[in-house]
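Enquirer: this is a predicted model, with the sequence first.
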Amino acid sequence: MRPSKRSKTEAQGSKSDTAPGKNQPVVDETEKSLMQAVGKKRVLNLDEDTQQMVNNAVTYMQFKDFKRALGYLNDAIMRLSGATVDPKAIPLLEFKIDLLARLGNMPGVVGTCDTLKSLDWQNLKAWNMQGMAMLTQHRPEYAKENFLHVIELLDAGNAEAWIGLGEVATEEGQLEEAIERLDKAISLNPSLIAPWFDKGYIYAVKLGQAREAIECFDQVLAIDPTNARTLQAKQQVIDAAKEKGIEL
């Protein structure tokens with residue numbers, strides 16, 4: 001078996017990849033976002049009922065009931081904004097993107113990112129997450145536009161955007177360029193799991209270079225020794241090499 005590609009909508013946290021699977025963004029990042037919503041009560045000036053809706057979303061998120069958490073979050077956004085989305089809802093829209101991605105609702109992610117951009121065109125999360133969602137929808141040309149917008153106009157040192165460009169290049173078969181972009185992301189933030197795993201995937205599946213793939217997976221495991229997806233991918237590469245008589 002070959003290692004499976006990392007989900008394009010995964011958050012790029014340092015110790016957050018927990019298991020293989022498509023469209024399965026990281027719970028830790030969603031939890032962090034929603035907990036921040038509670039902490040921003042004074043900034044958002046939420047009334048008691050709206051704040052309770054956000055609290056309920058946090059609670060259901062912690063129990064991994066993302067659908068119900070999203071329902072409460074939508075109620076909070078509607079109560080805060082009414083017919084027209086209020087700029088005060090920007091933090092809640094960011095959390096909504098996390099939940100939609102966790103549920104695998106890529107059209108929802110794209111649409112919510114558009115709403116967020118209309119309120120805050122400099123919002124890095126909106127551009128990066130929309131790019132990742134479009135990659136999942138096999139729309140690399142549109143994904144690339146999002147990531148380039150971040151790097152060229154907002155933040156040239158944004159590691160997540162460089163990871164996205166690396167995935168676009170992989171999708172387009174430009175493997176050398178993909179590795180260069182992933183290396184750039186690593187240089188910006190060496191603690192990220194995603195670029196190391198993506199490089200391992202390229203070496204293992206696209207280039208058939210087992211030693212290089214294992215080196216990349218070992219870098220992930222140095223950050224997170226219990227990362228299930230990487231442990232599985234590494235073992236698959238080792239098993240395949242043994243079958244071919246390749247010494248590692």
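Expert: Here it is on my side, so go on.
Enquirer: just the buried residues of stretch 47-62, please?
Expert: For stretch 47-62, a neighbour-count test (16 or more other C-beta atoms under 10 Å) marks 50-51, 53-58, 60-61 as buried. No exception for glycine: its C-beta is placed from N, CA and C like everyone else's.
Enquirer: check contacts around the residue lying closest to Glu171 once chain neighbours are set aside.
Expert: Distance criterion C-beta to C-beta, 6 or more residues apart in numbering; nearest residue to Glu171, sequence neighbours excluded, is Pro140 at 4.5 Å. Applying C-beta atoms under 8 Å, 6 or more residues apart in numbering to Pro140 gives the contacts 134, 168, 171-172.
Enquirer: domains in the chain, by residue range?
Expert: Taking automatic domain parsing as the reference, the chain has its domains at 23-104, 130-191, 193-248.
Enquirer: tell me where the model's unsure across this structure.
Expert: For the chain, residues meeting the criterion pLDDT under 70 lie at 1-44, 82-83.
Enquirer: and the helices in it?
Expert: 27-39, 41-44, 48-62, 66-81, 90-102, 106-119, 124-136, 140-149, 159-171, 175-188, 194-201, 210-223, 228-243 (DSSP state H).
Enquirer: ok, now how distant is Glu215 from Arg68?
Expert: 42 Å (C-beta to C-beta, to the nearest Å).
Enquirer: picking up where we left off before, tabulate the buried residues of stretch 47-62 (CSV), appending distance to Tyr203.
Expert: Output for these, formatted as CSV (distance: C-beta to C-beta, whole Å):
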residue, distance to Tyr203
Thr50, 49
Gln51, 48
Met53, 46
Val54, 43
Asn55, 45
Asn56, 45
Ala57, 40
Val58, 39
Tyr60, 40
Met61, 35
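Enquirer: quick revisit: just the buried ones from the contacts of Pro140?
Expert: Among the contacts of Pro140, those buried by neighbour count (16+ other C-beta under 10 Å) are 134, 168, 171.
Enquirer: settle this for me: the first one is touching Trp127, isn't it.
Expert: Put plainly, it is Met134. No. In this structure Met134 lies outside contact range of Trp127 using C-beta atoms under 8 Å: 10.8 Å.
Enquirer: which neighbours do those two have in common?
Expert: Listed as contacting both Met134 and Trp127 by C-beta under 8 Å, 6+ apart are Asn146.
Enquirer: related to what we said a few turns ago, which one of the domains of the chain lies nearest to Lys117?
Expert: Taking C-beta to C-beta, domain 130-191 is the member of those nearest to Lys117, at 7.8 Å.
Enquirer: start to end distance for the closest one?
Expert: By C-alpha to C-alpha, to the nearest Å, the extent of domain 130-191 from end to end equals 23 Å.
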